[in-house]
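Participant: Please find the sequence and the predicted model below.
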Number of protein chains: 2
Amino acid sequence: MALATPEIRPAGFPLNGRKAKPDLPENDFDRRMAMVLEHASRIFCEKGYEGASMRDLSRASGMSLAGLYHYFESKEELLYLIQKHAFTTIVERLRQRLAGCTGPEERIRIFIHNHLEYSLANKEAMKVLVHEDDTLKNDRGAEIATIKREYYRICLGLLEELRRVKGLQFSGRLALLSLFGMVNWIYTWHNPRIDPVAVGLAKQMGDIFLQGVLHASKTKPLNHTFAPLSAGSGREGTRRKTTVKTSRKEELAR
Amino acid sequence: MALATPEIRPAGFPLNGRKAKPDLPENDFDRRMAMVLEHASRIFCEKGYEGASMRDLSRASGMSLAGLYHYFESKEELLYLIQKHAFTTIVERLRQRLAGCTGPEERIRIFIHNHLEYSLANKEAMKVLVHEDDTLKNDRGAEIATIKREYYRICLGLLEELRRVKGLQFSGRLALLSLFGMVNWIYTWHNPRIDPVAVGLAKQMGDIFLQGVLHASKTKPLNHTFAPLSAGSGREGTRRKTTVKTSRKEELAR
DNA sequence: TAGAGATTCGAACGAACGTTCGGTCAGCTC
DNA sequence: GAGCTGACCGAACGTTCGTTCGAATCTCTA
């Protein structure tokens, strides 16, 4: 992957609070910073945030250990910058793409395609985003969680729109999280040699998911119980067999 | 959660190669070992394998740092034992439950229910299994990968059985990995206060997934292209829009 | 009750960790 | 050419890491 592509670093993106100049053209500092972030994404992706050392990053980027700290204040800030940039880029693009489209099915397909396109074009950043989801703490963690909640909320809105327009009955929360499971799991298995590119993947996953929620409401309720094992662990309760009404706040709480 | 429950430690499970006595009743060593494993699951779940220290585990289990090493030879072996036990338990139960059932839809529902029941009853072990999927290296990593591949293969078999019996056309690999995404994502969001228990979750996820694959084949092929953003990133290739024929080996390669 | 083996622990090992300090050096301004 | 600034680095800081060692204590058997 090329370094400092627009994919990772759109022009003018305020990488560092210390010298954010949103409207000026790229300078050397921002370019070097973007290079470091790209290497950091790769290292964090390969070894995990905790497993990656600043010495790994120093080796990978060809910069001295001390020199790295010229561009950010801590290892934690690195993770924060990677996650924030990935998330804001995805949400921003999604908003643009949803703007000119009204059909509920089509809008959900756009959501899936947007998510997959970014995931496959930025596999390393995406794995860091998903896999280190609860690594950041305090203010930085809260800020990422806010963006994430906003992203979830947009998707939940699309699903509820579909449910309303089509007069369906599925649980929005469960459909939302099933969909996120499908698309966020991709980083563990996608192989560009044998798997479809984003458009094809989005088509097939969109088919499975949309046909699923469109037809799921029509299935009959539970009419049998799963046999417990002979060893005996059939101690499932009976409360809440299907959907519960809960507050929006609790549904999306982190 | 109770310590050393049959859930975590079925009697006679050979916890440690050094003194495996599969057919003898539990002894003190095995009981203490199971207690340590339970604490380790919780700590690894909370802080991640790399982020968790042996001192954390010492504190949590109330045993001295050196004392822990009486029960296993390294931190890595701890993770290995947790993952191996979780995986073998899931696969073993699945085999028992599939034994007396022939309908392809029903069998897939049994797979989902079995997976969810274990996941919700052993949330901590399950997160460690999923989240530390590529942490173990060398022999231990290869052994876990073998069990995992076997588990995937069973599920893929169920999906292909469905496809054959119903005369459908979906990609088994993509359906398989979509399903695993749905069910393995649960550890990130399930809240016992507001979400259904295993039976209810399995019903709803089974509905979405099964209705999805049953109806997905019938949808028309791609008849439009997703609009690229104004910023320009519509550089999706055209190769492999849908399914590809690949070898079973490559489909399940780790 | 002597002895053996299982169990546990305090203290320490060397290595690796994230971060900082004091400095060099190039390029710029006046 | 003196002075300043941004970019960068070698060496070290203090801390924490996984693991080990030798000894103390407990439990059971002979």
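Facilitator: Arrived safely.

Participant: how about the residues of chain A that lie near DNA strand C?
Facilitator: Applying Cβ under 7 Å from any atom of the strand, we find that chain A lies next to DNA strand C at A:52, A:53, A:54, A:55, A:56, A:65, A:66, A:69, A:73, A:74, A:75, A:76. To be clear about C-beta, it is placed using only N, CA and C from the backbone, and glycine gets the same treatment.

Participant: Now the helix or strand encompassing the last one: average pLDDT?
Facilitator: For residue A:76, the enclosing helix or strand under DSSP states H and E is helix A:75-99. Per-residue pLDDT values across helix A:75-99 average out to 97.

Participant: wait, does that helix contact chain B?
Facilitator: Yes: applying Cβ under 8 Å from any Cβ of the partner chain, one finds helix A:75-99 touching chain B at A:93, A:96, A:97.

Participant: Of these - the most surrounded one?
Facilitator: residue A:97 (19 neighbours; other Cβ atoms under 10 Å in any protein chain shown).

Participant: pLDDT below threshold where in chain A?
Facilitator: A:1-25, A:219-254 (pLDDT under 70).

Participant: Helices of that one, start to end?
Facilitator: A:28-47, A:54-61, A:65-68, A:75-99, A:104-121, A:123-131, A:138-166, A:172-184, A:198-216, A:248-252 (DSSP state H).

Participant: Pipe the ones you listed into TSV and attach distance to residue B:135 per row.
Facilitator: Shown next, in TSV, are the helices of chain A (distance: least, Cβ to Cβ, whole Å):
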stretch	distance to residue B:135
helix A:28-47	10
helix A:54-61	16
helix A:65-68	25
helix A:75-99	18
helix A:104-121	22
helix A:123-131	11
helix A:138-166	22
helix A:172-184	19
helix A:198-216	27
helix A:248-252	30
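
Participant: With DNA strand D as the reference, name the closest of those.
Facilitator: Checking the helices of chain A against DNA strand D by Cβ to the nearest atom of the strand gives helix A:65-68 as the closest, at 2.7 Å.

Participant: Any buried residues in that closest one, and which?
Facilitator: The neighbour-count check on helix A:65-68 (16 or more other Cβ atoms under 10 Å in any protein chain shown) flags residue A:68 as buried.

Participant: Which members of the residues of chain A next to DNA strand C are classed as buried?
Facilitator: A:52, A:54, A:56, A:75, A:76.

Participant: Quick check: the farthest pair among the residues you listed?
Facilitator: Across those, the longest distance by Cβ to Cβ is 15.7 Å; it joins A:56 and A:76.

Participant: Can you tell me, leaving aside adjacent residues, what's nearest to residue A:32?
Facilitator: Distance criterion Cβ to Cβ, 6 or more residues apart in numbering or on different chains; nearest residue to residue A:32, sequence neighbours excluded, is residue A:71 at 6.6 Å.

Participant: gap between that neighbour and DNA strand D?
Facilitator: Look at residue A:71 and DNA strand D: by Cβ to the nearest atom of the strand, to the nearest Å, they are 7 Å apart.

Participant: ok, that residue touching residue A:33?
Facilitator: Yes: using Cβ atoms under 8 Å, residue A:71 is in contact with residue A:33, at 4.9 Å.

Participant: residues touching residue A:184, list them.
Facilitator: Listed by Cβ atoms under 8 Å, 6 or more residues apart in numbering or on different chains, the contact set of residue A:184 reads A:130, B:181, B:185.

Participant: Going by distance to DNA strand C, which of those wins?
Facilitator: Closest to DNA strand C, out of all of the contacts of residue A:184 and judged by Cβ to the nearest atom of the strand, is residue A:130, at 20.5 Å.

Participant: dump the residue contacts of that closest one.
Facilitator: Neighbours of residue A:130 in contact, by Cβ under 8 Å, 6+ apart: A:184, A:187.

Participant: Kindly report the same for residue A:181.
Facilitator: Here residue A:181 is in contact with B:181, B:182, B:183, B:184, B:185, B:186 (Cβ under 8 Å, 6+ apart).
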